[in-house]
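Asks: no FASTA, just this:
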Ligand SMILES: NC(=O)c1ccc[n+]([C@@H]2O[C@H](COP(=O)([O-])OP(=O)(O)OC[C@H]3O[C@@H](n4cnc5c(N)ncnc54)[C@H](OP(=O)(O)O)[C@@H]3O)[C@@H](O)[C@H]2O)c1
């Protein structure tokens, strides 16, 4: 069986949908912290199991009979190393033959604050002895979709990424790549994939494209990190999230989310989702 953790999340659901194209539903395990959130998948014949990264007692039973496992990184920043280690230990115990993990682009040298938890998780996977594949995902184009309406309204898009370029792709692109690797016939173990969009854009180019498509003036305003962070808090984001987003922008200014190796394109056999199509979808009535 092939299991996907975090199956209730945006990415997890898309991976399960991609798997369904080639894998019988009865061979797919949708593992979720709250199984009721994926109840709709049960009606398609998919096996639903509880897997809470913070409750090791749920992890062994979730992995019974699992041959390949996709561990989708959790969303509780600061608690993830311990949580991921629990899943890795359970995978080793259950005899999982291939563990895939969603990391961050260039995790080994990423200046992003969130890179540290991914580095530690990758190290734990490497030393576990379980054969593995690391999917180092860049940013989601969806991260910018939510900013489109606001940018049109204000006539400005704020950030602190300078002239850094982001090679973003959609969650569906990353999900398709994960499904391709979960179903690959050749031996993938030990591989690291740097997964990123075909095109890279600066935030000034993002603002210019929003302006072009909306027909409204929109410019990019680059701010010092602290000022941008304060602005995000004023816009009602919790302080840790604001700090993480501002830190990510600083990372972008240093090239942390840029990659032009087109490994994602090669895995999915098509162009990745462009920021331009993401903007047009966000502007659609
Ligand atoms: N590349 C990017 O731009 C980017 C952006 C944001 C996040 N990420 C990372 O990529 C992951 C997947 O992205 P996404 O869009 O699918 O995020 P998402 O929609 O927030 O989904 C996160 C998933 O992780 C699950 N989860 C969190 N804590 C858990 C725990 N203790 N035990 C079991 N499951 C747990 C959530 O379960 P519940 O439904 O129960 O909450 C949910 O299924 C995120 O979790 C994060 O690590 C990447």
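Replies: Looks like it arrived, so ask away. Since this is a predicted model, take the numbers as computed values, not measurements.
Asks: Could you use CA atoms for every contact and neighbour count after this?
Replies: Noted.
Asks: where does the stretch 151-285 of the chain dip in pLDDT?
Replies: Across the stretch 151-285 of the chain, nothing is flagged by pLDDT under 70.
Asks: Going along the chain, name the helices of it.
Replies: 171-182, 203-214, 225-234, 239-253, 263-268, 275-283 (DSSP state H, counting those that start in this stretch).
Asks: Tell me which of those helices sits nearest to the ligand.
Replies: Each of the helices of the stretch 151-285 of the chain has some distance to the ligand by C-alpha to the nearest ligand atom; the shortest is helix 171-182, at 7.0 Å.
Asks: Check the offset of that closest one from the chain's centre.
Replies: With C-alpha atoms, centre = their mean, to the nearest Å as the basis, helix 171-182 stands 10 Å off its chain's centre.
Asks: Next, find the distance separating the most centrally placed residue in the chain from the ligand.
Replies: For the chain, residue 137 is the residue whose C-alpha lies nearest the centre (C-alpha atoms, centre = their mean; 5.7 Å). Distance, residue 137 to the ligand, using C-alpha to the nearest ligand atom, to the nearest Å: 6 Å.
Asks: List phi and psi for residue 114.
Replies: phi -70, psi -10 (degrees, to the nearest 10).
Asks: and it, what pLDDT?
Replies: Residue 114 is assigned a predicted lDDT (pLDDT) of 96.
Asks: OK, now which residue of the stretch 101-250 of the chain is nearest to the ligand?
Replies: Proximity of the stretch 101-250 of the chain to the ligand (C-alpha to the nearest ligand atom) peaks at residue 139, 3.4 Å away.
Asks: quick one, what contacts the nearest residue to that residue once chain neighbours are set aside?
Replies: Spatial nearest neighbour of residue 139, excluding adjacent residues (C-alpha to C-alpha, 6 or more residues apart in numbering): residue 168 at 4.8 Å. By C-alpha atoms under 8 Å, 6 or more residues apart in numbering, the contact set of residue 168 is 138-141, 196-197, 199-200, 257, 274-275.
Asks: Checking my notes, residue 29 in a helix, right?
Replies: No: applying DSSP: H, G, I helix; E, B strand; the rest coil, one finds residue 29 to be strand, outside a helix.
Asks: so it bridges to which residues?
Replies: residue 3, residue 47 (DSSP bridges).
Asks: Surely it and residue 1 touch.
Replies: Yes: Residue 29 is in contact with residue 1 according to C-alpha atoms under 8 Å; the separation is 6.9 Å.
Asks: which one of the two has more residues nearby?
Replies: residue 29 (27 against 18; other C-alpha atoms under 10 Å).
Asks: tell me the contacts of the more buried one?
Replies: Contact partners of residue 29, counting by C-alpha under 8 Å, 6+ apart, are 1-4, 46-49.
Asks: how about the residues of this protein that lie near the ligand?
Replies: Within the chain, the positions near the ligand by C-alpha under 6 Å from any ligand atom are 6-12, 32-34, 51-54, 72-76, 137-140.
Asks: From these, which land in strands?
Replies: Per DSSP state E, strands hold the following members of the residues of the chain next to the ligand: 32, 137.
Asks: returning to that earlier point: gap between the residue nearest to the centre of the chain and residue 107?
Replies: Separation of residue 137 from residue 107 (C-alpha to C-alpha, to the nearest Å): 9 Å.
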